[in-house]
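Novice: Here is a sequence together with a model predicted from it:
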Amino acid sequence: MSLTHLDEKDRPKMVDVSDKSLTERVATASGVIQMSKEAFQNVINEENKKGPVLQTAIISAIMATKQTSNLIPMCHPLNISGVNCDIDELKDDLSFKLWVTVKLKGVTGVEMEALTGVSIGLLTIYDMVKAIDKGMIISNIQLEEKRGGKSGDFKR
């Protein structure tokens, strides 16, 4: 099996996608941040001194999707057509689940953009709440679904 990010001399390269056809690509990723009851209530009640935590996390997630190619060396810069974020409050677990869906019409997928958005969105929550709870746990960052492209569809 040959790796697409290595050339014939095993040097890193960015995959050439210039001959691929434009198709609609969609990817959804998710992740969870669990925290103490005090921190969870602080976020829910919008009492955080740094501002509205969940709204800031959503903005951060959107911004991160657009910066993925600057962060991950072999990712192509993409002309993203849409990003949608949602956050579920999981009261029984004292956690929040962040969902990021990224869309475009292009020649390469948007899985990395969705995963990057989730990661940075959750890190933003951590940053804004760490004064209350440094023991928060970020977990289960995963691709939930992808549609479009040569490799086919995927649904967890």
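Specialist: Alright, I've got the coordinates.
Novice: Contacts only, for S119.
Specialist: Going by C-beta atoms under 8 Å, 6 or more residues apart in numbering, S119 touches 31, 64, 141. For glycine as for every other residue, the C-beta is placed from the backbone atoms N, C-alpha and C.
Novice: I misspoke; the intended subject was C75.
Specialist: C75 neighbours (C-beta under 8 Å, 6+ apart): 68-69, 112-113.
Novice: what's the helix or strand for the closest residue to it other than its chain neighbours?
Specialist: Counting by C-beta to C-beta, 6 or more residues apart in numbering, C75 lies nearest to S69, which is 4.4 Å off, once chain neighbours are set aside. Assigned by DSSP states H and E, S69 belongs to helix 53-71.
Novice: ok, and for the very next helix or strand once past that helix, which residues are buried?
Specialist: Scanning forward in sequence from helix 53-71 by DSSP H and E, the next helix or strand is strand 82-90. Under the neighbour-count criterion of 16 or more other C-beta atoms under 10 Å, strand 82-90 has 83, 85, 87 buried.
Novice: same check, this time on stretch 40-57
Specialist: Neighbour-count burial for stretch 40-57 flags 40, 42-43, 48, 53-54, 56-57 (criterion: 16+ other C-beta under 10 Å).
Novice: Output the below-cut-off pLDDT ranges for this structure.
Specialist: 1-3 (pLDDT under 70).
Novice: coming back round to it: out of the buried residues of stretch 40-57, which comes closest to I125?
Specialist: A57 (4.9 Å; C-beta to C-beta).
Novice: isn't that closest one right next to L98, touching?
Specialist: Yes - here A57 lies in contact with L98, judged by C-beta atoms under 8 Å, at a distance of 6.6 Å.
Novice: Need the residues touching each of the two.
Specialist: With C-beta under 8 Å, 6+ apart, A57 and L98 have common neighbours 85, 87, 121-122, 125.
Novice: CSV please, covering these and showing distance to G135.
Specialist: Below are the shared contacts of A57 and L98 laid out as CSV (distance: C-beta to C-beta, whole Å):
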residue, distance to G135
C85, 25
I87, 20
G121, 19
L122, 15
I125, 14
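Novice: Which single one of those is nearest to R147?
Specialist: C85 (18.0 Å).
Novice: Pairing partners for that closest one in the sheet, please.
Specialist: C85 has these beta-bridge partners by DSSP bridges: V100.
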